[in-house]
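# the sequence and its predicted three-dimensional model are supplied below.
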There are 2 protein chains.
Amino acid sequence: MSFKLTILGCHSATPRTQAHTSSQYLEMNNDCFLIDCGEGTQRQLRKYKIKFSKIKHVFISHLHGDHFYGLIGLISTFSLLNRNAELHVYGPKGIKEIILLQLKLSKSWVDYPLHFHELVSKESEMILETEKVQVYTIPLLHRVYTNGFLFKEKPQPRKLNMSAIQQHPEIDICDYQNLKNGKNFEYENGRMIDNSELTTDPPKILSYAYCSDTAHTESIIPIIQGVDLLYHEATFLEKHSELATKTKHSTANQAADIAFKSGVKKLILGHYSSRYDSLELFKDEAEQLFSPVMLAEAGKEIIISN
Amino acid sequence: MSFKLTILGCHSATPRTQAHTSSQYLEMNNDCFLIDCGEGTQRQLRKYKIKFSKIKHVFISHLHGDHFYGLIGLISTFSLLNRNAELHVYGPKGIKEIILLQLKLSKSWVDYPLHFHELVSKESEMILETEKVQVYTIPLLHRVYTNGFLFKEKPQPRKLNMSAIQQHPEIDICDYQNLKNGKNFEYENGRMIDNSELTTDPPKILSYAYCSDTAHTESIIPIIQGVDLLYHEATFLEKHSELATKTKHSTANQAADIAFKSGVKKLILGHYSSRYDSLELFKDEAEQLFSPVMLAEAGKEIIISN
């Protein structure tokens, strides 16, 4: 099992020549997700040779421009490319009105099924379940209604230990599904064989949490506990913590604090303010509390596997 | 007198790695205009080192995405850069609703004065007059309501021929304005000196016409007659003229036909479809009817002077 995350953009506020606003592409098993969609995301998708047709689900964290101004262009381009497949957009209430108004005024209705899933809950909720993946919201603390997203592989069935099973001729192929589901085997005379003697643990499920934009908030810890990879915004360094508090963003130190308290495996930082000359300062600051820390940069691919 | 046009993007439909959608920056005397604003325009402005603060007026031809999806990002960025100066946006009815809805939902009201001038007329009209420039709409023929824009220097006063004037001591400094305005000089006894003996012609006024997107239509000829530079869309080559007719676009041949019949000085083509490998084919086709022909490309600067 593995998943691959590609950073398309990871800077805050405005697109600049060498700074792309938020967008990520996540491949998890056969599911391909786009997470946020700043202006110019479709160009970044082309640059990194990601097939537009693979994207079935787009998750928008919040309605600040650096996270969604590229969505209308992407939706229009899908249409110009004669897309047939469904597209599902998950985002705050209002996203549908924004997109449909622009399509209406440009007389550019899309020919493919376009579904909006508008989010309003302040509690974490499962918003998508595919064959192998579940996606949950992570309510964040920002100036407007914002969700992060938790992508989790679904639990897999237990693995049959065939050499152990073959020691018990009474166990029939019809029993295998029960064993995979964790049930013990029961003889007709009532004798039991414990499931753990007949199966082994399934592969560990992998998970990825995307948390941007947000002030430092411990309320997310129970939701992201133990994830394999946490992307947490770090707009500022700790020396600008007052600015972080005022704008409801986080510092690198605060992102690391959340990573530590959540027991995540790896932390990746992003959403940097343009005021800093060196991004290494973010890594240095975060590593005082947590390790390992990575820095998001456009084009970076992170593969997480068992 | 001179003006400078910078092409920021000149391809149709969708932004691609090496193809930017429509946007142009025009400096005419001290006035700086942005014409259309496809996705990624703010990045192109930065790339070509055009100061954001110089732009006071943005003209949007029509509400197809490749001509305006970059506007909301630009407006937001102006705000993040703490702009104080007024910004005027001219475009089809609906542009205001699109922008304000997005600002409202992102709780990102701009602090600078933002004025919308929504266009509905099907006749050419003057929509802006600065100290030295007039801007007129050029009603175009497209699938949605579309205007091109004509940028004209205002007529200048006649130039005083001081050596001739000094031959006539009766002419006082108070008479100069009348002479500049073309009036004859009249002695008290009724004798006249013809204005042409005392002044010379003012510098010729320069003009630029932007016509995109449009089907071939001769209705624009009276409006763009004799302009120094005509940008006319050429989405297709003549071999795809049926497609041009169907989509209400033009071929390179049709653009050249308009340039020829309008007696313009130079033609620049753009808005190319992505189906062609070589843009030189557009130039070759247009040059069969008209010369000189230029090809728009991102970063190209064209200076027109007397």
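That came through fine.
# quick check: the residue of the stretch 151-300 of chain A nearest chain B.
Proximity of the stretch 151-300 of chain A to chain B (C-beta to the nearest C-beta) peaks at A:Ser274, 9.6 Å away. Bear in mind the C-beta positions are built from the backbone N, C-alpha and C, glycine included.
# contacts only, for that residue.
With contacts defined as C-beta atoms under 8 Å, 6 or more residues apart in numbering or on different chains, A:Ser274 is in contact with A:11-14, A:16, A:19.
# which of those lies closest to B:Ser53?
A:Thr14 (14.3 Å; C-beta to C-beta).
# that closest one is in contact with B:Ser76, isn't it?
Yes. Under the criterion of C-beta atoms under 8 Å, A:Thr14 makes contact with B:Ser76 at 7.4 Å.
# hang on, the earlier thing: and the furthest pair within the contacts of A:Ser274?
Longest span within the contacts of A:Ser274, C-beta to C-beta: A:Ser12 and A:Arg16, 10.6 Å.
# quick one on the thing from earlier: the residue of the stretch 151-300 of chain A closest to chain B in helix, strand or coil?
Secondary structure state of A:Ser274, per DSSP: H, G, I helix; E, B strand; the rest coil, is coil.
# look up phi and psi at it.
phi -80, psi 0 (degrees, to the nearest 10).
# got a pLDDT number for the residue lying farthest from the centre of chain A?
The centre of chain A is farthest from one residue, A:Asn189, which by C-alpha atoms, centre = their mean lies 49.4 Å away. A:Asn189 carries a pLDDT value of 89.
# roughly how far does it sit from A:Leu179?
If you measure A:Asn189 against A:Leu179 using C-beta to C-beta, to the nearest Å, the figure is 19 Å.
# in its sheet, what does the helix or strand harbouring A:Ile304 sit against?
Using DSSP states H and E, A:Ile304 falls within strand A:301-305. Strand A:301-305 pairs in its sheet with strand A:2-9 (antiparallel), by DSSP bridges.
# how about residues contacting the partner strand?
Against strand A:2-9 from outside (C-beta under 8 Å, 6+ apart): A:15, A:19-29, A:38, A:40-41, A:44-45, A:48, A:50, A:151, A:153, A:206, A:208, A:229, A:231, A:270, A:296-306.
# wait, A:Thr235 sits on A:Ala244?
Yes. If you go by C-beta under 8 Å, A:Thr235 and A:Ala244 touch, sitting 6.5 Å apart.
# quick one, domains of chain A?
Using automatic domain parsing, the domain parsing of chain A gives A:2-156+A:203-305, A:160-196.
# if you compare these, which one is most tucked away?
Of these, the one with the most neighbours on average (mean count of other C-beta atoms under 10 Å in any protein chain shown) is domain A:2-156+A:203-305, at a mean of 20.
# how far away from the center of its chain is it?
6 Å (C-alpha atoms, centre = their mean, to the nearest Å).
# now do it: distance from first to last residue.
Using C-alpha to C-alpha, to the nearest Å, the end-to-end distance of domain A:2-156+A:203-305 comes to 4 Å.
# next: stretch A:89-100.
For stretch A:89-100, the end-to-end distance is 12 Å (C-alpha to C-alpha).
# show residues contacting that stretch.
Residues from elsewhere that reach stretch A:89-100 (C-beta under 8 Å, 6+ apart): A:57-63, A:68, A:71-72, A:75, A:114-120, A:127-128, A:135, A:144-147, A:149, B:101-102, B:105.
# could you give me the average pLDDT of that stretch?
On average, stretch A:89-100 scores 98.
# tell me if I'm right that A:Asp257 and A:Glu285 touch.
No. Using C-beta under 8 Å as the test, A:Asp257 is too far from A:Glu285 to be in contact (10.9 Å).
# okay, and A:Leu45 sits in which element?
helix A:41-47.
# same check on A:Ala164?
helix A:162-165.
# show me what the next helix or strand after that helix is packed up against.
Once the chain leaves helix A:162-165, the next helix or strand it forms, by DSSP H and E, is helix A:176-180. With contacts taken as 3 or more C-beta pairs under 8 Å, 6 or more residues apart in numbering or on different chains; DSSP states H and E, helix A:176-180 sits against strand A:159-160.
# re the thing from before, contacts for the strand holding A:Ile304?
So strand A:301-305 is contacted by A:1-7, A:206, A:208, A:228-229, A:265-266, A:268, A:294 (C-beta under 8 Å, 6+ apart).
# state the pair within the residues you listed that is farthest apart.
Top of the distance list for the contacts of strand A:301-305 (C-beta to C-beta): A:Met1 and A:Ile7, 21.3 Å.
# A:Leu243 sits in which helix or strand?
Residue-wise, A:Leu243 maps onto helix A:241-247 under DSSP H and E.
# how near is A:Thr137 to A:Phe149?
Distance from A:Thr137 to A:Phe149, counting by C-beta to C-beta: 6 Å.
# can you check which residues contact both of the two?
With C-beta under 8 Å, 6+ apart, A:Thr137 and A:Phe149 have no common neighbours.
# out of everything not next to it in sequence, what's closest to A:His232?
A:Ala255 (3.9 Å; C-beta to C-beta, 6 or more residues apart in numbering or on different chains).
# confirm that neighbour sits in a strand?
No. Counting by three-state DSSP, A:Ala255 is not part of a strand but helix.
# my read: it touches A:Leu269, true?
Yes. A:Ala255 is within contact range of A:Leu269, at 5.8 Å (criterion: C-beta under 8 Å).
# need the residues touching each of these two.
In contact with both A:Ala255 and A:Leu269: A:232-234, A:286, using C-beta under 8 Å, 6+ apart.
# of those residues, just say which sits nearest to B:Pro222.
Of all the shared contacts of A:Ala255 and A:Leu269, A:Glu233 has the smallest distance to B:Pro222: 56.4 Å, by C-beta to C-beta.
# show the pLDDT at the closest one.
Note on A:Glu233: pLDDT of 98.
# which ones are touching it?
With C-beta under 8 Å, 6+ apart, A:Glu233 has these contacts: A:12, A:211-214, A:249-250, A:255, A:269-271.
# ok, it to A:Gln254 distance?
Distance of A:Glu233 to A:Gln254, computed by C-beta to C-beta: 9 Å.
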